[in-house]
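[1] quick one, fold the following:
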Amino acid sequence: MLSCCGRGEALHTECVRKLLDRSVKVALALFALVAVDCVVACTVEPADTIQRKPTKGKGTTTNADPDDEETPGETTTPPTSPGTTPPTTPTPGTDAGGTATTPTSKGAGGPTGANTLKSAGNLSFMINAPTTPPAKAPGLLVLLHGSGASNYAQFVGMMATVATQQNLIRVSVLAPNGQGWNEGNQTSAAELLHQLVQQDLLAKYDIDLTRIVFSGQSSGGGFLSTHFLPAHAKDYRGGAFLQCGAAKPVLPLAPDAATKANFKLHFEITTGDTIWPQSYIESTAAYAAAGMTLTKDNTKPGGHCAFDQQAVIQAHIATILPP
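    Numbering: from 1, shown residues only. Prediction:
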């Protein structure tokens with residue numbers, strides 16, 4: 001240290017000034033070092049950065065997001081060993097790989113080939129089911145005859161082409177009284193038909209549940225429009241053909257949004273039909289007012305049911321069933 005003792009006053013004053021200057025510089029240097037340490041040790045993470053809590057790992061320390069903690073009601077993935085992939089939980093309507101799947105009825109297996117059978121509710125029906133399971137689950141075509149059981153015995157054969165084209169199992173059902181679907185207790189008949197489809201078809205065959213089609217001729221079409229569809233359209237995805245027969249609903253018609261979206265209709269009648277023309281007008285108006293999606297054709301010439309019903313289905317099925 002510089003000593004100023006024994007010197008003159010002026011020299012003493014200059015010595016003191018130098019000592020003070022040196023002391024100030026030392027103090028400033030010490031202050032700078034302290035400031036740097038504080039900046040390093042006390043840096044605050046920006047406000048928009050997620051604050052992470054330390055999580056102890058085996059031999060290491062990692063940062064875990066607070067959102068990684070289980071929240072009540074959330075599904076968590078169980079821990080896995082190193083090198084393994086956590087299991088995938090399929091989303092409804094998808095397979096384990098996340099690919100969209102078609103809902104099917106997973107039926108246990110019913111008679112194959114051409115058969116005439118009795119339902120659990122004692123309805124007679126004719127069916128032709130594939131003898132070899134198709135690569136893709138088939139849809140279902142349920143056929144309802146006209147008065148006097150017209151075409152009951154012929155329908156399965158008549159619809160062979162469209163059934164093959166569209167991968168449909170075809171079923172012709174006899175009315176409870178053996179004569180006409182729009183005769184007798186139609187409310188009961190609607191329940192018997194619904195029971196047949198559910199218990200004798202869907203439960204016994206693996207059916208594509210998005211491709212279920214009903215087609216009614218004359219009496220059968222009238223019954224579909226007055227009783228069966230108001231009661232049970234909500235239970236199916238697909239649609240219905242009302243061919244040379246339709247009337248305004250007798251049972252309450254109040255389709256929900258899903259029914260409006262997933263069940264579509266086609267009405268067909270000839271220009272020369274003398275039995276159903278007014279009922280056809282009332283039926284199409286009622287279903288349109290209820291918000292159902294429908295197409296209709298009353299332009300073909302000819303008398304009652306004087307057209308090819310299979311050709312009508314072929315021409316309009318693309319508007320009813322998904323591709």
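[2] tell me the helix or strand right after the helix or strand bottoming out on mean pLDDT in the chain.
    The helix or strand of the chain with the lowest confidence, counting by mean pLDDT, DSSP states H and E, is strand 61-64 at a mean of 34. Remark: after strand 61-64, the chain's next helix or strand is strand 113-118, criterion DSSP states H and E.
[3] tell me what that next one is packed against?
    Contacts defined by 3 or more Cβ pairs under 8 Å, 6 or more residues apart in numbering; DSSP states H and E place strand 113-118 against strand 124-129. (C-beta placed from N, C-alpha, C; glycine too.)
[4] show residues contacting the strand it packs on.
    110-119, 152-153, 155-156, 160, 163, 169-174, 178, 196, 200-201, 205 (Cβ atoms under 8 Å, 6 or more residues apart in numbering).
[5] partners of it, with directions?
    Using DSSP bridges, the strands paired with strand 124-129 are strand 113-118 (antiparallel), strand 168-173 (antiparallel).
[6] could those strands go into CSV alongside mean pLDDT?
    Output for those, formatted as CSV (pLDDT from 0 to 100):
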stretch, mean pLDDT
strand 113-118, 98
strand 168-173, 98
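[7] of these, flag the one that's most buried.
    Mean neighbours per residue, mean count of other Cβ atoms under 10 Å, is largest over the strands paired with strand 124-129 for strand 168-173, with a mean of 25.
[8] point out where this protein drops to low pLDDT.
    For the chain, applying pLDDT under 70 flags the ranges 1-100.
[9] quick one, domains of it?
    Each domain of the chain is listed here as a residue range: 1-40, 113-319, per automatic domain parsing.
[10] from these, which stretch is densest packed?
    Highest mean neighbour count among those (mean count of other Cβ under 10 Å): domain 113-319, with a mean of 19.
[11] any idea how far apart the tips of that domain sit?
    By Cα to Cα, to the nearest Å, the extent of domain 113-319 from end to end equals 29 Å.
[12] cool, and stretch 105-114?
    This stretch, stretch 105-114, spans 21 Å end to end (Cα to Cα).
[13] coming back round to it: so for Lys106, which of the domains of the chain sits nearest?
    domain 113-319 (5.8 Å; Cβ to Cβ).
[14] what about the strands in this protein?
    For the chain, applying DSSP state E gives strands covering 53-56, 61-64, 113-118, 124-129, 139-144, 168-173, 212-217, 238-243, 263-270, 294-300.
[15] ok, and what's touching the longest one?
    Think strand 263-270. Applying Cβ under 8 Å, 6+ apart, the contact partners of strand 263-270 are 229, 233-234, 236-244, 246, 255, 276-277, 280, 283-284, 287, 292-298, 300-307, 312, 316, 319-320.
[16] so what strands line up beside it?
    Here strand 263-270 is paired, per DSSP bridges, with strand 238-243 (parallel), strand 294-300 (parallel).
[17] adding distance to Ser147, write those out as TSV.
    Formatted as TSV, the strands paired with strand 263-270 follow (distance: least, Cβ to Cβ, whole Å):
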stretch	distance to Ser147
strand 238-243	13
strand 294-300	21
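[18] skip the chain neighbours and tell me the closest residue to Leu251.
    Nearest residue to Leu251 in three dimensions, chain neighbours excluded: Pro230, at 4.0 Å (Cβ to Cβ, 6 or more residues apart in numbering).
[19] touching, the one you found and Val250? I think so.
    Yes: counting by Cβ atoms under 8 Å, Pro230 sits close enough to Val250 to count as a contact (7.5 Å).
[20] any idea how far His227 is from the closest residue to Ser215 other than its chain neighbours?
    Take Ser215 and drop its neighbours on the chain: the residue closest to it by Cβ to Cβ, 6+ apart is Phe241, 4.1 Å away. Distance from Phe241 to His227, counting by Cβ to Cβ, to the nearest Å: 16 Å.
[21] one more: Glu282?
    15 Å.
[22] with Val213 instead?
    18 Å.
[23] with His194 instead?
    Relative to His227, and taking Cβ to Cβ, His194 is found at 10 Å.
[24] would you agree Pro255 is in contact with Leu294?
    No: shown here, Pro255 and Leu294 do not form a contact pair, counting by Cβ under 8 Å, at 11.5 Å.
[25] list the contacts of the residue nearest to Ala108 when sequence neighbours are not counted.
    Excluding the flanking residues, the one nearest Ala108 by Cβ to Cβ, 6+ apart is Lys204, at 6.1 Å. Lys204 makes contacts with 107-110, as judged by Cβ under 8 Å, 6+ apart.
[26] can you tell me how far Lys204 is from Leu192?
    Applying Cβ to Cβ, the value for Lys204 to Leu192 is 17 Å.
[27] need the nearest residue in space to Thr270, chain neighbours excluded.
    Nearest residue to Thr270, sequence neighbours excluded (Cβ to Cβ, 6+ apart): Gly302, at 4.4 Å.
[28] is the one you found in contact with Cys244, as I believe?
    No: with contact defined as Cβ under 8 Å, Gly302 does not reach Cys244; the gap is 9.7 Å.
[29] great, nothing more from me.
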